[in-house]
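Asks: Structural data only, the sequence is not supplied:
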């Protein structure tokens, strides 16, 4: 398994490509060294110390100095991008459970849109998913607490809890005249990272729901089960829809299974030493069978790394709608008292140099899902408050533009709303590839 760490001031830090509520791993017992602060920053520190002293001496009630410091750090991080945050010790310990794939709660990914707590995506087969919570839903209250000015960490803490306990989230949705309460029973959320099955005509289907610690090995097991190395295997559909991301090293490992060589992803930051490159290795690579990756606006972060790498290397056709657009990397930096900073330190780029940040991956074949409604109504990174801006597209090589093919399909509801139009189209395209291949073979 890949170990992706970065040395900062003598400390090894685990790098993640995560959505708002995914977890990190605590690296205890190591002293983190903070770099020297600039003279200008020290000059401004006097304003802070003056304010701190004034509050302690004049506030109506006695205030815990540590609570004031924590509040100040929290405010400082909240003033950055939406993925940077401060975690007190209890929050830092709490967030470690999610990459293990098991935690108590209702199962949703959340973000801030127009200053309102908003559902990015319900996690499949969880209480929230079964209760009918949808991407784009605005959460105005959790139990009786208003979500106005509530941080993502605080919201997650309110919605988590022991199995069997109730939480009521009040949802505002297009078409609702007033917020509607959804009473949800918490469960142990055991997110199964990889699901698989064999479809018609020897076509394999694998869905990755999140990138967890064992996603790479679970994917390898799934590929073995569907017979991807057998001669009669016709192709693979890799479904990354509503996958909010997860561990960066697992995105690299998944991509590497389908690429023999070349760049998978690289990162660039403002500070020297934040640039990293990840390349494919030849050993263990899957056969070069036809492959389609399905994405949607809920495909974020690590999902976009995989889709972008396979698209740039022309290893797979990407089908669906534009992805979420989270192209930043968070570094988890422990502090001396057991608290931690989750700090956005760099952006990642596809092999061809495309920045995904606030842009996302554009599919080769655009197919809207009739169940999800129009693309313009989807919630993406660019809709988050204080999001980092993306960069312009990398210049295209001579003759490359003419080679690109863009197909757009307006999916209508067929045979009722339950049908998965995007998956159906993916199967149709794979079958068509073999039909045309056979026709060309006969023609020659």
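Replies: Good, I have the coordinates. In this text the structure is predicted, and so the values were computed from the model without any measurement.

Asks: which stretches of the protein form helices?
Replies: 39-58, 65-78, 89-95, 127-131, 152-159, 215-225, 248-256, 302-312, 400-403, 421-443 (DSSP state H).

Asks: So what's the gap between the first one and the chain middle?
Replies: Right, the one you point to is helix 39-58. Here helix 39-58 is found 37 Å from its chain centre; the criterion is CA atoms, centre = their mean, to the nearest Å.

Asks: returning to what we had before: would you turn the helices of the chain into JSON lines with mean neighbour count and distance to residue 265?
Replies: (C-beta placed from N, C-alpha, C; glycine too.) Formatted as JSON lines, the helices of the chain follow (neighbours: other CB atoms under 10 Å; distance: least, CB to CB, whole Å):
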{"stretch": "helix 39-58", "mean neighbour count": "10", "distance to residue 265": "32"}
{"stretch": "helix 65-78", "mean neighbour count": "14", "distance to residue 265": "25"}
{"stretch": "helix 89-95", "mean neighbour count": "17", "distance to residue 265": "23"}
{"stretch": "helix 127-131", "mean neighbour count": "19", "distance to residue 265": "29"}
{"stretch": "helix 152-159", "mean neighbour count": "19", "distance to residue 265": "25"}
{"stretch": "helix 215-225", "mean neighbour count": "18", "distance to residue 265": "15"}
{"stretch": "helix 248-256", "mean neighbour count": "26", "distance to residue 265": "7"}
{"stretch": "helix 302-312", "mean neighbour count": "28", "distance to residue 265": "5"}
{"stretch": "helix 400-403", "mean neighbour count": "9", "distance to residue 265": "20"}
{"stretch": "helix 421-443", "mean neighbour count": "15", "distance to residue 265": "24"}
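
Asks: Is it possible to get CSV of those helices that adds mean pLDDT and distance to residue 387?
Replies: Shown next, in CSV, are the helices of the chain (pLDDT from 0 to 100; distance: least, CB to CB, whole Å):
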stretch, mean pLDDT, distance to residue 387
helix 39-58, 86, 25
helix 65-78, 92, 13
helix 89-95, 77, 21
helix 127-131, 93, 24
helix 152-159, 86, 14
helix 215-225, 97, 26
helix 248-256, 95, 19
helix 302-312, 97, 15
helix 400-403, 47, 28
helix 421-443, 85, 26
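
Asks: quick one: which of those helices is nearest residue 195?
Replies: helix 215-225 (7.8 Å; CB to CB).

Asks: what's the spacing between the closest one and its chain's center?
Replies: So, by CA atoms, centre = their mean, the centroid of helix 215-225 is 20 Å from its chain's centroid.

Asks: List the contacts of it.
Replies: 1-2, 193-196, 204, 206, 208, 229, 236, 246-247, 250, 253-254, 257, 284, 286 (CB atoms under 8 Å, 6 or more residues apart in numbering).

Asks: quick one, it and helix 302-312 angle?
Replies: In terms of direction (axes from the mean of the first three to the mean of the last three CA atoms, to 10 degrees), helix 215-225 departs from helix 302-312 by 60 degrees.

Asks: Taking helix 248-256 as reference, get the angle to helix 215-225.
Replies: Angle of helix 215-225 versus helix 248-256, following the same axes, to 10 degrees, is 30 degrees.

Asks: Surely residue 422 touches residue 365?
Replies: No: using CB atoms under 8 Å, residue 422 makes no contact with residue 365, being 9.4 Å away.

Asks: Which neighbours do the two have in common?
Replies: Common contacts of residue 422 and residue 365 (CB under 8 Å, 6+ apart): 319-320.

Asks: before we move on, back to that, dump the helices of the chain to JSON lines, plus distance to residue 107.
Replies: Below are the helices of the chain laid out as JSON lines (distance: least, CB to CB, whole Å):
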{"stretch": "helix 39-58", "distance to residue 107": "39"}
{"stretch": "helix 65-78", "distance to residue 107": "25"}
{"stretch": "helix 89-95", "distance to residue 107": "16"}
{"stretch": "helix 127-131", "distance to residue 107": "5"}
{"stretch": "helix 152-159", "distance to residue 107": "9"}
{"stretch": "helix 215-225", "distance to residue 107": "18"}
{"stretch": "helix 248-256", "distance to residue 107": "20"}
{"stretch": "helix 302-312", "distance to residue 107": "17"}
{"stretch": "helix 400-403", "distance to residue 107": "41"}
{"stretch": "helix 421-443", "distance to residue 107": "22"}
